[in-house]
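Asker: pasting the structure only:
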Ligand code: ADP
Ligand code: GN1
Ligand code: MG
(Lines give C-alpha, C1' and ligand atoms only; values in the text may rest on other atoms or scores of the structure.)
(Ligands and ions follow the chains in the order given, each with its own letter.)
Protein backbone atom coordinates (compact mmCIF):
# COMPACT_ATOMS: atom_id res chain seq x y z
CA UNK A 1 0.00 0.00 0.00
CA UNK A 2 1.23 3.52 -0.75
CA UNK A 3 1.42 6.20 1.95
CA UNK A 4 -1.49 7.96 0.26
CA UNK A 5 -3.65 4.82 0.32
CA UNK A 6 -2.85 4.20 4.00
CA UNK A 7 -3.64 7.81 4.87
CA UNK A 8 -6.94 7.65 2.99
CA UNK A 9 -7.95 4.51 4.87
CA UNK A 10 -6.92 5.70 8.34
CA UNK A 11 -8.93 8.91 7.90
CA UNK A 12 -12.07 6.79 7.74
CA UNK A 13 -11.58 5.79 11.38
CA UNK A 14 -12.21 7.86 14.52
CA UNK A 15 -8.55 8.68 15.08
CA UNK A 16 -7.21 11.66 17.01
CA UNK A 17 -4.72 14.12 15.49
CA UNK A 18 -3.17 14.57 12.05
CA UNK A 19 -1.18 11.74 10.44
CA UNK A 20 2.58 12.29 10.76
CA UNK A 21 3.86 8.97 9.41
CA UNK A 22 2.86 5.45 8.48
CA UNK A 23 4.81 2.32 7.59
CA UNK A 24 4.80 -1.46 7.64
CA UNK A 25 5.14 -2.95 11.07
CA UNK A 26 5.83 -6.30 12.77
CA UNK A 27 6.52 -9.83 11.57
CA UNK A 28 3.07 -11.43 11.30
CA UNK A 29 2.60 -14.01 8.54
CA UNK A 30 -1.06 -13.27 7.84
CA UNK A 31 -2.30 -9.66 7.93
CA UNK A 32 -0.70 -6.49 6.52
CA UNK A 33 0.14 -4.39 9.56
CA UNK A 34 1.05 -0.68 9.61
CA UNK A 35 2.08 1.67 12.41
CA UNK A 36 0.38 5.04 12.15
CA UNK A 37 1.76 8.00 14.10
CA UNK A 38 -0.46 11.04 14.47
CA UNK A 39 0.08 14.32 16.29
CA UNK A 40 -2.01 12.83 19.15
CA UNK A 41 -1.03 9.12 19.45
CA UNK A 42 -0.04 5.93 17.66
CA UNK A 43 -2.31 3.34 16.03
CA UNK A 44 -2.03 -0.07 14.39
CA UNK A 45 -3.84 -0.30 11.06
CA UNK A 46 -4.38 -3.77 9.62
CA UNK A 47 -5.52 -4.87 6.23
CA UNK A 48 -7.22 -8.10 7.24
CA UNK A 49 -6.33 -11.16 5.19
CA UNK A 50 -9.70 -12.10 3.76
CA UNK A 51 -8.31 -15.11 1.90
CA UNK A 52 -7.59 -16.61 5.31
CA UNK A 53 -10.58 -15.14 7.17
CA UNK A 54 -13.58 -15.60 4.90
CA UNK A 55 -16.19 -14.20 7.29
CA UNK A 56 -14.94 -10.82 8.52
CA UNK A 57 -18.19 -10.04 10.36
CA UNK A 58 -17.75 -13.20 12.41
CA UNK A 59 -14.04 -12.57 12.92
CA UNK A 60 -14.60 -9.08 14.27
CA UNK A 61 -17.59 -10.05 16.36
CA UNK A 62 -15.57 -12.84 18.06
CA UNK A 63 -12.74 -10.39 18.78
CA UNK A 64 -15.10 -7.74 20.16
CA UNK A 65 -16.72 -10.25 22.53
CA UNK A 66 -13.41 -11.57 23.81
CA UNK A 67 -12.03 -8.05 24.23
CA UNK A 68 -15.13 -6.93 26.15
CA UNK A 69 -14.80 -9.96 28.45
CA UNK A 70 -11.05 -9.35 28.93
CA UNK A 71 -11.53 -5.66 29.68
CA UNK A 72 -14.09 -6.46 32.40
CA UNK A 73 -11.64 -8.84 34.10
CA UNK A 74 -8.77 -6.35 33.79
CA UNK A 75 -10.83 -3.53 35.30
CA UNK A 76 -12.04 -5.83 38.11
CA UNK A 77 -8.40 -6.59 38.90
CA UNK A 78 -7.56 -2.86 38.98
CA UNK A 79 -5.57 -2.96 35.71
CA UNK A 80 -5.44 -0.63 32.68
CA UNK A 81 -7.76 -2.03 29.96
CA UNK A 82 -6.16 0.08 27.19
CA UNK A 83 -2.70 -1.31 27.94
CA UNK A 84 -3.45 -4.84 29.06
CA UNK A 85 -5.76 -5.63 26.15
CA UNK A 86 -6.26 -4.36 22.64
CA UNK A 87 -8.72 -1.55 21.91
CA UNK A 88 -10.52 -1.26 18.58
CA UNK A 89 -11.04 2.20 17.10
CA UNK A 90 -14.39 2.39 15.27
CA UNK A 91 -14.83 3.76 11.77
CA UNK A 92 -16.41 7.20 11.31
CA UNK A 93 -19.70 5.37 10.82
CA UNK A 94 -19.24 3.47 14.08
CA UNK A 95 -18.33 0.01 12.73
CA UNK A 96 -15.51 -2.20 14.01
CA UNK A 97 -13.98 -2.55 10.53
CA UNK A 98 -14.02 -0.89 7.14
CA UNK A 99 -14.68 -2.46 3.74
CA UNK A 100 -13.34 -0.28 0.94
CA UNK A 101 -14.44 0.00 -2.70
CA UNK A 102 -11.93 -2.72 -3.73
CA UNK A 103 -13.43 -5.21 -1.28
CA UNK A 104 -10.45 -4.98 1.12
CA UNK A 105 -11.03 -5.04 4.88
CA UNK A 106 -9.32 -2.83 7.47
CA UNK A 107 -9.36 -2.35 11.24
CA UNK A 108 -7.55 -0.06 13.64
CA UNK A 109 -6.29 -0.73 17.17
CA UNK A 110 -4.66 1.59 19.66
CA UNK A 111 -0.91 0.97 19.43
CA UNK A 112 0.19 -0.34 22.80
CA UNK A 113 3.26 1.82 23.21
CA UNK A 114 6.54 1.17 25.01
CA UNK A 115 6.32 -2.52 24.35
CA UNK A 116 8.28 -5.09 22.36
CA UNK A 117 7.11 -8.11 20.36
CA UNK A 118 9.88 -10.70 20.01
CA UNK A 119 10.66 -13.43 17.50
CA UNK A 120 13.09 -15.02 19.95
CA UNK A 121 13.31 -14.65 23.70
CA UNK A 122 16.30 -12.46 24.70
CA UNK A 123 16.34 -14.02 28.15
CA UNK A 124 14.51 -16.88 29.85
CA UNK A 125 12.42 -14.28 31.64
CA UNK A 126 10.95 -13.06 28.30
CA UNK A 127 9.67 -16.55 27.66
CA UNK A 128 8.46 -16.95 31.24
CA UNK A 129 6.54 -13.67 30.86
CA UNK A 130 4.85 -14.88 27.68
CA UNK A 131 3.83 -18.04 29.60
CA UNK A 132 2.31 -15.89 32.33
CA UNK A 133 0.46 -13.78 29.73
CA UNK A 134 -1.01 -16.74 27.84
CA UNK A 135 -1.69 -18.68 31.06
CA UNK A 136 -3.61 -15.70 32.50
CA UNK A 137 -5.44 -15.29 29.20
CA UNK A 138 -6.50 -18.97 29.35
CA UNK A 139 -7.58 -18.44 32.97
CA UNK A 140 -9.62 -15.40 31.99
CA UNK A 141 -11.38 -17.36 29.22
CA UNK A 142 -12.17 -20.15 31.68
CA UNK A 143 -15.30 -18.18 32.57
CA UNK A 144 -16.22 -17.24 28.99
CA UNK A 145 -19.24 -18.93 27.44
CA UNK A 146 -18.00 -20.83 24.38
CA UNK A 147 -21.44 -20.54 22.75
CA UNK A 148 -20.92 -16.81 22.37
CA UNK A 149 -18.44 -17.22 19.52
CA UNK A 150 -18.18 -19.38 16.42
CA UNK A 151 -15.22 -20.89 14.58
CA UNK A 152 -13.78 -18.41 12.12
CA UNK A 153 -11.55 -21.10 10.58
CA UNK A 154 -13.24 -24.46 11.16
CA UNK A 155 -10.83 -27.30 12.02
CA UNK A 156 -7.98 -24.81 12.53
CA UNK A 157 -6.09 -27.19 14.84
CA UNK A 158 -7.69 -30.40 13.68
CA UNK A 159 -4.44 -32.16 12.83
CA UNK A 160 -6.26 -34.99 11.06
CA UNK A 161 -7.82 -32.48 8.65
CA UNK A 162 -4.40 -30.79 8.26
CA UNK A 163 -2.94 -34.20 7.36
CA UNK A 164 -5.69 -34.77 4.78
CA UNK A 165 -5.08 -31.32 3.27
CA UNK A 166 -1.42 -32.23 2.99
CA UNK A 167 -2.26 -35.49 1.17
CA UNK A 168 -4.45 -33.52 -1.26
CA UNK A 169 -1.68 -30.99 -1.91
CA UNK A 170 0.77 -33.86 -2.41
CA UNK A 171 -1.51 -35.64 -4.90
CA UNK A 172 -2.03 -32.43 -6.87
CA UNK A 173 1.66 -31.41 -6.61
CA UNK A 174 0.81 -28.43 -8.76
CA UNK A 175 4.24 -26.78 -8.51
CA UNK A 176 6.12 -30.08 -9.13
CA UNK A 177 7.90 -29.61 -5.83
CA UNK A 178 7.23 -33.03 -4.26
CA UNK A 179 10.35 -34.50 -5.87
CA UNK A 180 12.63 -32.14 -3.91
CA UNK A 181 10.99 -32.72 -0.50
CA UNK A 182 10.92 -36.52 -0.25
CA UNK A 183 12.35 -36.65 3.29
CA UNK A 184 9.85 -34.13 4.60
CA UNK A 185 6.98 -36.00 2.92
CA UNK A 186 8.15 -39.26 4.51
CA UNK A 187 8.28 -37.54 7.88
CA UNK A 188 4.63 -36.54 7.61
CA UNK A 189 3.50 -39.96 6.36
CA UNK A 190 5.25 -41.68 9.27
CA UNK A 191 3.38 -39.42 11.69
CA UNK A 192 -0.13 -40.10 10.43
CA UNK A 193 -1.13 -41.89 13.67
CA UNK A 194 0.24 -39.08 15.82
CA UNK A 195 -2.06 -36.62 14.02
CA UNK A 196 -5.11 -38.37 15.53
CA UNK A 197 -4.14 -38.36 19.18
CA UNK A 198 -5.39 -34.97 20.46
CA UNK A 199 -8.41 -35.01 18.13
CA UNK A 200 -9.39 -38.43 19.58
CA UNK A 201 -8.99 -37.21 23.18
CA UNK A 202 -11.28 -34.25 22.46
CA UNK A 203 -13.84 -36.56 20.83
CA UNK A 204 -13.81 -38.94 23.79
CA UNK A 205 -14.09 -36.09 26.29
CA UNK A 206 -10.71 -36.87 27.88
CA UNK A 207 -9.81 -33.30 27.00
CA UNK A 208 -12.20 -30.40 27.50
CA UNK A 209 -13.28 -27.99 24.76
CA UNK A 210 -12.54 -24.42 25.87
CA UNK A 211 -12.22 -21.05 24.19
CA UNK A 212 -8.55 -20.72 23.31
CA UNK A 213 -6.25 -18.22 21.57
CA UNK A 214 -4.86 -20.75 19.07
CA UNK A 215 -1.88 -18.68 17.88
CA UNK A 216 0.27 -18.25 20.96
CA UNK A 217 3.65 -17.59 19.45
CA UNK A 218 5.98 -15.28 21.30
CA UNK A 219 5.46 -12.36 18.93
CA UNK A 220 1.74 -12.40 19.72
CA UNK A 221 2.39 -11.10 23.22
CA UNK A 222 3.68 -7.62 24.04
CA UNK A 223 6.29 -7.13 26.78
CA UNK A 224 7.00 -3.83 28.51
CA UNK A 225 10.01 -2.21 26.80
CA UNK A 226 11.52 -1.14 30.15
CA UNK A 227 10.63 -3.86 32.64
CA UNK A 228 10.22 -6.81 30.24
CA UNK A 229 7.02 -7.77 32.06
CA UNK A 230 4.06 -9.13 30.04
CA UNK A 231 1.68 -6.35 29.04
CA UNK A 232 -0.92 -7.81 26.66
CA UNK A 233 -1.82 -10.76 24.51
CA UNK A 234 -2.49 -9.67 20.91
CA UNK A 235 -3.56 -11.22 17.56
CA UNK A 236 -6.98 -12.50 18.60
CA UNK A 237 -7.99 -13.51 15.07
CA UNK A 238 -8.03 -17.21 15.88
CA UNK A 239 -9.86 -17.10 19.21
CA UNK A 240 -12.11 -20.15 18.90
CA UNK A 241 -12.96 -23.36 20.65
CA UNK A 242 -9.94 -25.55 21.28
CA UNK A 243 -7.90 -27.43 23.83
CA UNK A 244 -5.68 -25.63 26.32
CA UNK A 245 -2.83 -27.84 25.08
CA UNK A 246 -3.02 -26.01 21.71
CA UNK A 247 -2.12 -22.74 23.41
CA UNK A 248 0.59 -24.26 25.56
CA UNK A 249 1.92 -26.32 22.64
CA UNK A 250 2.07 -23.51 20.11
CA UNK A 251 4.14 -21.40 22.48
CA UNK A 252 6.50 -24.31 23.06
CA UNK A 253 6.77 -24.88 19.31
CA UNK A 254 7.99 -21.33 18.72
CA UNK A 255 9.69 -20.42 21.97
CA UNK A 256 11.49 -23.61 23.07
CA UNK A 257 13.56 -23.63 19.91
CA UNK A 258 17.17 -22.47 20.10
CA UNK A 259 16.71 -20.81 16.68
CA UNK A 260 14.20 -18.81 14.68
CA UNK A 261 11.25 -20.52 13.02
CA UNK A 262 12.87 -20.10 9.58
CA UNK A 263 16.51 -20.89 10.45
CA UNK A 264 18.19 -22.51 7.43
CA UNK A 265 21.01 -24.13 9.39
CA UNK A 266 19.40 -27.07 11.18
CA UNK A 267 22.51 -27.53 13.34
CA UNK A 268 21.31 -24.47 15.21
CA UNK A 269 17.80 -25.79 15.79
CA UNK A 270 17.20 -27.70 19.01
CA UNK A 271 14.37 -28.24 21.44
CA UNK A 272 15.36 -26.74 24.79
CA UNK A 273 14.12 -28.63 27.84
CA UNK A 274 15.20 -25.79 30.19
CA UNK A 275 13.00 -23.40 28.17
CA UNK A 276 10.17 -25.92 28.39
CA UNK A 277 10.49 -25.81 32.19
CA UNK A 278 10.46 -22.03 32.13
CA UNK A 279 7.30 -21.90 30.02
CA UNK A 280 5.57 -24.55 32.13
CA UNK A 281 6.30 -22.46 35.18
CA UNK A 282 4.81 -19.33 33.59
CA UNK A 283 1.77 -20.92 31.93
CA UNK A 284 0.81 -23.78 34.27
CA UNK A 285 1.85 -21.76 37.33
CA UNK A 286 -0.71 -19.08 36.34
CA UNK A 287 -3.49 -21.63 35.90
CA UNK A 288 -3.22 -23.17 39.32
CA UNK A 289 -6.20 -25.48 39.92
CA UNK A 290 -8.06 -24.53 36.72
CA UNK A 291 -7.02 -27.49 34.56
CA UNK A 292 -8.05 -31.13 34.54
CA UNK A 293 -5.28 -33.65 35.24
CA UNK A 294 -5.66 -34.95 31.68
CA UNK A 295 -5.18 -31.40 30.36
CA UNK A 296 -1.96 -30.83 32.29
CA UNK A 297 -0.69 -34.23 31.17
CA UNK A 298 -1.57 -33.44 27.53
CA UNK A 299 0.97 -30.61 27.34
CA UNK A 300 3.95 -32.67 26.08
CA UNK A 301 1.80 -34.31 23.38
CA UNK A 302 0.15 -30.95 22.60
CA UNK A 303 3.62 -29.45 22.06
CA UNK A 304 4.58 -32.24 19.66
CA UNK A 305 1.24 -31.99 17.89
CA UNK A 306 1.28 -28.23 17.39
CA UNK A 307 4.83 -28.38 16.04
CA UNK A 308 4.06 -31.30 13.74
CA UNK A 309 0.87 -29.60 12.54
CA UNK A 310 2.62 -26.31 11.85
CA UNK A 311 5.34 -28.14 9.91
CA UNK A 312 2.65 -29.97 7.91
CA UNK A 313 0.94 -26.63 7.19
CA UNK A 314 4.21 -25.02 6.01
CA UNK A 315 4.95 -28.03 3.78
CA UNK A 316 1.40 -28.04 2.39
CA UNK A 317 1.77 -24.35 1.55
CA UNK A 318 5.14 -25.04 -0.07
CA UNK A 319 3.57 -27.75 -2.26
CA UNK A 320 0.68 -25.43 -3.14
CA UNK A 321 2.97 -22.58 -4.19
CA UNK A 322 3.18 -20.40 -1.01
CA UNK A 323 -0.29 -18.95 -1.09
CA UNK A 324 -1.10 -18.88 2.66
CA UNK A 325 1.90 -17.80 4.76
CA UNK A 326 3.73 -14.63 3.77
CA UNK A 327 7.16 -15.62 2.38
CA UNK A 328 10.23 -13.40 2.03
CA UNK A 329 12.54 -15.69 0.08
CA UNK A 330 12.72 -18.77 -2.12
CA UNK A 331 11.95 -22.00 -0.19
CA UNK A 332 10.94 -19.99 2.88
CA UNK A 333 8.12 -22.38 3.77
CA UNK A 334 10.45 -25.34 3.28
CA UNK A 335 13.01 -23.92 5.75
CA UNK A 336 10.14 -23.37 8.20
CA UNK A 337 8.97 -26.97 7.68
CA UNK A 338 12.42 -28.35 8.42
CA UNK A 339 12.83 -26.50 11.72
CA UNK A 340 9.45 -27.79 12.88
CA UNK A 341 10.25 -31.40 12.02
CA UNK A 342 13.64 -31.18 13.74
CA UNK A 343 11.89 -29.92 16.87
CA UNK A 344 9.29 -32.71 16.69
CA UNK A 345 12.07 -35.33 16.60
CA UNK A 346 13.76 -33.85 19.64
CA UNK A 347 10.49 -33.44 21.57
CA UNK A 348 9.65 -37.09 20.89
CA UNK A 349 13.06 -38.01 22.32
CA UNK A 350 12.42 -35.84 25.43
CA UNK A 351 8.76 -36.77 25.90
CA UNK A 352 9.19 -38.48 29.31
CA UNK A 353 11.26 -35.58 30.62
CA UNK A 354 8.60 -33.11 29.47
CA UNK A 355 5.94 -35.18 31.21
CA UNK A 356 7.95 -35.16 34.44
CA UNK A 357 8.10 -31.34 34.23
CA UNK A 358 4.37 -30.79 33.72
CA UNK A 359 3.42 -33.31 36.42
CA UNK A 360 4.97 -30.94 38.97
CA UNK A 361 1.97 -28.69 38.34
CA UNK A 362 -0.72 -31.33 39.01
P1 LIG B 1 -0.59 -11.32 12.07
O2 LIG B 1 -1.90 -12.01 12.17
O3 LIG B 1 -0.18 -11.02 10.68
O4 LIG B 1 0.45 -12.04 12.86
P5 LIG B 1 -0.71 -9.43 14.30
O6 LIG B 1 -2.07 -9.01 14.74
O7 LIG B 1 -0.01 -10.44 15.13
O8 LIG B 1 -0.81 -9.89 12.77
O9 LIG B 1 0.19 -8.12 14.19
C10 LIG B 1 1.51 -8.17 13.66
C11 LIG B 1 2.47 -7.49 14.62
O12 LIG B 1 2.07 -6.13 14.84
C13 LIG B 1 2.52 -8.11 16.01
O14 LIG B 1 3.39 -9.21 16.06
C15 LIG B 1 3.02 -6.92 16.83
O16 LIG B 1 4.41 -6.74 16.68
C17 LIG B 1 2.34 -5.72 16.17
N18 LIG B 1 1.06 -5.34 16.81
C19 LIG B 1 -0.18 -5.77 16.50
N20 LIG B 1 -1.11 -5.17 17.25
C21 LIG B 1 -0.47 -4.30 18.07
C22 LIG B 1 -0.88 -3.35 19.07
N23 LIG B 1 -2.17 -3.17 19.36
N24 LIG B 1 0.07 -2.63 19.70
C25 LIG B 1 1.39 -2.80 19.41
N26 LIG B 1 1.84 -3.67 18.48
C27 LIG B 1 0.93 -4.42 17.81
C1 GN1 C 1 0.51 -17.52 11.57
O2 GN1 C 1 -0.65 -14.68 12.22
P3 GN1 C 1 0.64 -15.15 12.80
O4 GN1 C 1 1.85 -14.78 12.01
O5 GN1 C 1 0.72 -14.74 14.25
C6 GN1 C 1 -0.63 -18.53 11.64
C7 GN1 C 1 -0.39 -19.49 12.80
C8 GN1 C 1 0.94 -20.20 12.63
C9 GN1 C 1 2.04 -19.15 12.52
C10 GN1 C 1 3.38 -19.77 12.23
C11 GN1 C 1 -4.19 -17.38 11.23
O12 GN1 C 1 0.52 -16.77 12.78
O13 GN1 C 1 -1.42 -20.47 12.85
O14 GN1 C 1 1.21 -21.05 13.72
O15 GN1 C 1 1.75 -18.21 11.46
N16 GN1 C 1 -1.90 -17.84 11.79
C17 GN1 C 1 -2.96 -18.18 11.04
O18 GN1 C 1 4.37 -18.84 12.47
O19 GN1 C 1 -2.94 -19.11 10.23
MG1 MG D 1 0.64 -12.41 14.86
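Answerer: Cool, got the structure. Being a predicted model, the structure only gives us computed values, none of them experimental. Residues are numbered from 1 along each chain as shown. Ligands and ions are numbered 1, 2, ... in the order given.
Asker: residue contacts, the nearest residue to residue 13 once chain neighbours are set aside?
Answerer: Spatial nearest neighbour of residue 13, chain neighbours left out: residue 108 (4.5 Å); criterion: Cβ to Cβ, 6 or more residues apart in numbering. (C-beta placed from N, C-alpha, C; glycine too.) Residue 108 makes contact with 10, 13, 15, 36, 43-46, 88-89, according to Cβ atoms under 8 Å, 6 or more residues apart in numbering.
Asker: relative to ligand 2, which of the residues you listed is nearest.
Answerer: Lowest distance from ligand 2 to these (Cβ to the nearest ligand atom) belongs to residue 46, with 10.7 Å.
Asker: next step: the contacts of residue 108 restricted to strands.
Answerer: Residues of these located in strands (DSSP state E): 36, 43-46, 88-89.
Asker: before we move on, back to that, so the residue nearest to residue 13: helix, strand or coil?
Answerer: strand (DSSP: H, G, I helix; E, B strand; the rest coil).
Asker: may I have the beta-bridge partners of it?
Answerer: residue 45, residue 89 (DSSP bridges).
Asker: and the pLDDT for it?
Answerer: Per-residue pLDDT puts residue 108 at 98.
Asker: got the contact list for residue 42?
Answerer: So residue 42 contacts 35-36, 110-111, 113 (Cβ under 8 Å, 6+ apart).
Asker: ok, it to ligand 3 distance?
Answerer: Per Cβ to the ion, to the nearest Å, residue 42 is found 18 Å from ligand 3.
Asker: equivalent analysis for residue 25, please.
Answerer: Here residue 25 is placed at a distance of 11 Å from ligand 3 (Cβ to the ion).
Asker: isn't that residue up against residue 35?
Answerer: Yes: Residue 25 lies in contact with residue 35 (Cβ atoms under 8 Å); the separation is 4.0 Å.
Asker: which SS state does the residue nearest to residue 264 when sequence neighbours are not counted fall under?
Answerer: Excluding the flanking residues, the one nearest residue 264 by Cβ to Cβ, 6+ apart is residue 335, at 5.1 Å. Under three-state DSSP, the three-state class of residue 335 is helix.
Asker: now the strands for the chain?
Answerer: Going by DSSP E, the chain shows strands at 19-24, 32-38, 42-48, 88-89, 98-99, 105-110, 115-116, 210-212, 221-224, 230-233, 240-242.
Asker: CSV please, covering those and showing distance to residue 310.
Answerer: Converted to CSV, the strands of the chain look like this (distance: least, Cβ to Cβ, whole Å):
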stretch, distance to residue 310
strand 19-24, 24
strand 32-38, 21
strand 42-48, 22
strand 88-89, 28
strand 98-99, 31
strand 105-110, 25
strand 115-116, 23
strand 210-212, 15
strand 221-224, 18
strand 230-233, 19
strand 240-242, 14
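Asker: near ligand 2, which residues of the chain?
Answerer: 28-30, 52, 215, 217, 220, 235, 237-238, 261, 310 (Cβ under 6 Å from any ligand atom).
Asker: show me which residues of the stretch 251-362 of the chain sit near ligand 3.
Answerer: Taking Cβ under 5 Å from the ion, no part of the stretch 251-362 of the chain reaches ligand 3.
Asker: give me the phi and psi for residue 151.
Answerer: The phi/psi pair for residue 151 (degrees, to the nearest 10) reads phi -70, psi 120.
Asker: what's opposite the closest residue to it other than its chain neighbours in the beta bridge?
Answerer: When the adjacent residues along the chain are set aside, residue 151 lies closest to residue 240, with 4.8 Å between them (Cβ to Cβ, 6+ apart). Here residue 240 sits in beta bridges with residue 212, as judged by DSSP bridges.
Asker: hang on, isn't residue 240 packed against residue 152?
Answerer: Yes: assessed by Cβ under 8 Å, residue 240 is found in contact with residue 152 at 6.2 Å.
Asker: which residues do those two both contact?
Answerer: residue 62.
Asker: what segments of this structure are helices?
Answerer: 3-10, 56-76, 81-84, 124-141, 159-172, 182-190, 192-204, 244-255, 273-286, 293-297, 299-320, 332-349, 351-359 (DSSP state H).
Asker: ok, back up a step: and which of the contacts of residue 42 is nearest to residue 278?
Answerer: Using Cβ to Cβ, residue 113 is the member of these that lies nearest residue 278, at 27.1 Å.
Asker: can you tell me how far the closest one sits from residue 222?
Answerer: Distance, residue 113 to residue 222, using Cβ to Cβ, to the nearest Å: 10 Å.
Asker: ligand 1 contacts on the stretch 151-300 of the chain?
Answerer: 219-220, 222, 234-235, 237.
Asker: need the max-distance pair from the residues you listed.
Answerer: Farthest-apart pair in those is 222 and 237; separation 15.7 Å (Cβ to Cβ).
Asker: how many neighbours does residue 286 have?
Answerer: Per other Cβ atoms under 10 Å, the neighbour tally for residue 286 reads 18.
Asker: my guess is it meets residue 137, correct?
Answerer: No: look at residue 286 against residue 137 with Cβ under 8 Å: they stay out of range, at 9.0 Å.
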